[in-house]
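*Asks:* Give me a model of this one.
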Amino acid sequence: MKIFQLIILFIGLTTTSTWSQVLSTYEVKYYDVPKKDSLYTVRELKEYQPEACKRVKHSSTNDFSEACSTTGVTYNTKFSMNDGFCSLNKLGVTSNTVITIPKFQTDNEFHQKKYDEYSQGLLMHELGHFEIYKKIIPEIDTAFKNIQKSKDCEVIKSEVNLITEKYLSPTGMLRSLNGDYDKNTKGGRSQYKSPF
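*Replies:* Residues are numbered from 1 along each chain as shown. Okay, here's the model as predicted:
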């Protein structure tokens, strides 16, 4: 299987200071779908998807999804002790979203047009997930910045853990917002017309 990678756009929301950096980016990868005279079924596409997408279930149907976006969020914390107080500094919060969608090729001009429109619709839906991260990552950064100094570094670490739980856990805000987005858009089906 060939995977075509194309970095279509490198969007970043960047704030740089001596304290922290906030950055959200995405990239788009296409997986190649062999030529076929007739239209594919959604189930047939699963055979050609990269492993990373095969593990992603559609959040509103808990079934196979022909496109996916996976996002990694990283943050680095550094604690320092000054004048008997522990504080959090030198923090960076970043997210990178990888969007994977099918790339169809057919000799049938009508089918190709439908596939191209469909792939564009899939991309637009997956970009909606990226926008959620782009909006929330600065909130995470602000929450970290608002942690007050303490005489005990364990108190600071505990607050970092609470913020992480609030935003990044399986029951956290980012998971919830992405689930709501999929539910409200019927997994994107209300945003584009499927040729299947």
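*Asks:* what element comes up after the host helix or strand of residue 93 heading to the C-terminus?
*Replies:* Following DSSP states H and E, the helix or strand that holds residue 93 is strand 85-104. Towards the C-terminus, the helix or strand next in line after strand 85-104, according to DSSP H and E, is helix 109-145.
*Asks:* Contacts made by stretch 184-196 with the rest, please.
*Replies:* Around stretch 184-196, the neighbours that count as contacts under Cβ atoms under 8 Å, 6 or more residues apart in numbering are 39-42, 58-61, 65, 67, 111, 114-115, 117-118, 120-122, 124-126, 128, 182. Backbone N, C-alpha and C define where each C-beta goes, glycine included.
*Asks:* do the same with stretch 156-165
*Replies:* When contacts are taken as Cβ under 8 Å, 6+ apart, the neighbours of stretch 156-165 outside the stretch itself are 75, 77, 79, 86-88, 140, 143-144, 147, 150, 172.
*Asks:* In CSV: those, plus distance to residue 54, neighbour count and pLDDT.
*Replies:* Written out in CSV, the entries for the contacts of stretch 156-165 read as follows (distance: Cβ to Cβ, whole Å; neighbours: other Cβ atoms under 10 Å; pLDDT from 0 to 100):
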residue, distance to residue 54, neighbour count, pLDDT
75, 28, 20, 86
77, 33, 17, 80
79, 40, 13, 84
86, 44, 17, 92
87, 44, 16, 90
88, 38, 23, 85
140, 29, 23, 92
143, 34, 17, 92
144, 34, 22, 90
147, 39, 19, 92
150, 45, 16, 94
172, 24, 15, 94
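*Asks:* Spatially central residue for the protein, please.
*Replies:* The residue at the geometric middle of the chain, judged as the C-alpha nearest the mean C-alpha position with Cα atoms, centre = their mean, is residue 71 (3.4 Å).
*Asks:* tell me the contacts of that residue?
*Replies:* For residue 71, the contact set (Cβ under 8 Å, 6+ apart) comprises 95-98, 129-130, 133.
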